[in-house]
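In: next input, structure requested:
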Amino acid sequence: MASFGDFNKVNTNVTAMEARLSLNKINAELGNSRLKLSTGYKINSAEDDSAGFAIATKLRSRITGLEQALQNVSDAKSVMDIIEGGYSSIMDNLIEMKGLATQAANDTFSATERTLIAKQIQSLGYDINDIADSTKFNGIALNPSGGDSTLTFQTGEGTSDTYTFNLRQVDVLALFGSASIDSAGNDIVSGANQSLLSGANADNDDRGEIDFTIADDGVASEVDALATDFSDLMTAVDAAVATLNGYMNEIGIDQRSMTGKEVNLTEAISANSAAKSRIMDVDFAKEQSNSVRLQILQQTATAALSQANMGPQAVLGFLGQ
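Out: Numbers count the residues shown, from 1 in each chain. Below is the predicted model:
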C-alpha cells in the first residue's frame with residue numbers, strides 16, 4: 001500500500017492509482033451485479049463459471065429434448081385417439097351387420113327380403129372400408145390396406161427412447177378373411193370387385209367386399225342365400241368383432257403406456273429444470289443486497305480517489321505557495 005509519504009511526490013500519485021484500481025474493480029462488480037439482476041441469471045457467460053455453464057448447457061439441451069418428447073407423446077396419443085374412434089365406428093357397423101344377419105337367418109324371410117338385407121350388409125361393408133380409408137393423421141394412413149404395419153414414436157431425449165405402435169388392417173378383407181356364406185360354398189369376401197348385387201363399389205377392390213351369389217334358377221336380381229348361409233355370416237361377424245376387440249385392447253394398453261410416459265416426462269422436465277435453475281438462476285434478494293453494498297463502496301471509492309488526487313497539492317507548501 002502507498003504510504004502517506006507518497007503525497008510528497010507529484011509525477012506518480014500511487015495513492016490515486018490504487019484508489020482508481022479499487023474503483024474500477026467495484027464498477028466491474030457492480031456492472032456484473034446489475035447484469036445478473038437484469039437477466040435473472042447468475043451465470044451469463046462461461047467466464048462467470050465455466051464448469052457451471054457447461055453443466056447448465058447440457059441440462060438445457062436435455063430439457064429441450066424432453067419437452068419435444070412430451071409433445072411427441074401427445075401427438076402419439078392423438079393418433080391413438082383417432083384410431084380408436086375409427087375402431088368404434090367399425091364396431092358399430094359390425095354390430096348392425098350382426099343384427100341384420102340374425103334377422104335374415106330366420107326362415108320366415110323370402111329370397112326377396114333376404115336380398116334387401118344382403119344389400120344392407122354389403123353397404124355396411126363399404127362403410128367399414130370407407131372408415132378404414134379415411135382414418136388418417138397428418139396425411140398418414142392409420143389403417144393400412146396392404147397388411148399390418150408399425151409407427152415408431154420418439155418418446156424420450158435419447159435415441160433408444162422409442163415406442164413402436166402397431167397399425168392394424170381393419171377393412172372387410174382383414175376382419176372377415178375367407179368366410180363361406182352361400183349354399184355353393186363361395187366366400188362372402190372377395191379381394192376383387194366381383195359383387196353380383198347392384199350398386200357394387202369398384203373403389204373397394206383392395207379392401208375386399210361382402211358378396212352374395214345370384215340364384216341360377218330364381219329371379220336374376222335375388223341372392224341365392226338361405227337362412228343357414230346368414231347363420232354362417234353371424235359366425236363370421238362374431239369372429240370379426242372378436243378380432244376388432246383384440247385390437248381395441250391393444251390400443252388401450254398403448255394409450256395407458258403413453259399416459260404413463262407423459263407423467264414420467266413431465267416429472268423429468270421438472271427435475272432437470274430445477275437442477276438447471278440451481279446452477280443458473282440468480283437469487284434476487286441476495287444479489288440486490290450485494291448491489292447495494294457495491295453502490296456504497298463505489299461512492300466511498302470515488303471519494304477516496306478524489307481525496308488522493310488532492311494529496312499532491314501539499315507539495316505546494318514546500319514551494320511557499
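
In: what helix or strand does the residue nearest the centre of the chain sit in?
Out: Per Cα atoms, centre = their mean, the C-alpha nearest to the average position across the chain is that of Asn72, at 1.9 Å. In this structure, Asn72 sits in helix 50-104 according to DSSP states H and E.

In: which strands or helices does that helix pack on?
Out: Counting contacts by 3 or more Cβ pairs under 8 Å, 6 or more residues apart in numbering; DSSP states H and E, helix 50-104 packs against helix 111-134, strand 136-137, strand 149-154, strand 162-167, helix 227-280. C-beta: built from backbone N, CA, C; applies to glycine.

In: mind listing the strands the shortest one pairs with, and their directions?
Out: Pointing back at strand 136-137 there. Strand partners for strand 136-137, identified by DSSP bridges, are recorded as strand 140-141 (antiparallel).

In: quick one: low-confidence ranges for the stretch 1-150 of the chain?
Out: Along the stretch 1-150 of the chain, the model assigns pLDDT under 70 to residues 1-9.

In: residues in contact with the residue nearest to the centre of the chain?
Out: By Cβ atoms under 8 Å, 6 or more residues apart in numbering, the residues touching Asn72 are 153-155.

In: between those, which is closest to Gln68?
Out: Nearest to Gln68 among the contacts of Asn72, counting by Cβ to Cβ, is Gln154 at 8.0 Å.

In: who's the closest one bridged to?
Out: Beta-bridge partners of Gln154, as defined by DSSP bridges: Thr162.

In: would you confirm that it contacts Leu70?
Out: No: the pair Gln154 / Leu70 is not scored as a contact, 10.9 Å apart, by Cβ atoms under 8 Å.

In: what about Thr235, neighbour count?
Out: By the criterion of other Cβ atoms under 10 Å, Thr235 has 13 neighbours.

In: mark out where each domain of the protein begins and ends.
Out: What automatic domain parsing lists as the domains of the chain is 13-38+282-321, 83-256.

In: pick the most buried one from those.
Out: domain 83-256 (a mean of 17; mean count of other Cβ atoms under 10 Å).

In: now the end-to-end length of that one.
Out: From its first residue to its last, domain 83-256 covers 15 Å (Cα to Cα, to the nearest Å).

In: and for stretch 276-288?
Out: End to end - Cα to Cα - stretch 276-288 spans 21 Å.

In: neighbouring contacts of it?
Out: For stretch 276-288, using Cβ under 8 Å, 6+ apart, the contacting residues are 33, 36-37, 39-43, 52, 55-56, 59-60, 63.

In: try 10 Å this time
Out: For stretch 276-288, contacts defined as Cβ atoms under 10 Å, 6 or more residues apart in numbering pick out 32-44, 48-49, 51-60, 62-63, 274, 289-291.

In: for Phe230, give me its contacts.
Out: Residues in contact with Phe230, defined by Cβ under 10 Å, 6+ apart, are 100-106, 109, 114, 117-118, 121, 181-182, 212, 223, 237.

In: hmm, try it at 7 Å
Out: 101, 104-105 (Cβ atoms under 7 Å, 6 or more residues apart in numbering).

In: list just the nearest of the residues you listed to Gln169.
Out: Closest to Gln169 out of these is Ala101 (22.4 Å), distances taken as Cβ to Cβ.

In: please tell me how far the closest one sits from Asp224.
Out: Ala101 is 16 Å from Asp224, where distance means Cβ to Cβ, to the nearest Å.

In: before we move on, what about Ile26?
Out: Counting by Cβ to Cβ - Ile26 and Asp224 are separated by 103 Å.

In: swap in Thr155?
Out: The value you get for Thr155 to Asp224, if Cβ to Cβ is used, is 54 Å.

In: same check, this time on Ala141
Out: Taking Cβ to Cβ, one finds Ala141 at 36 Å from Asp224.
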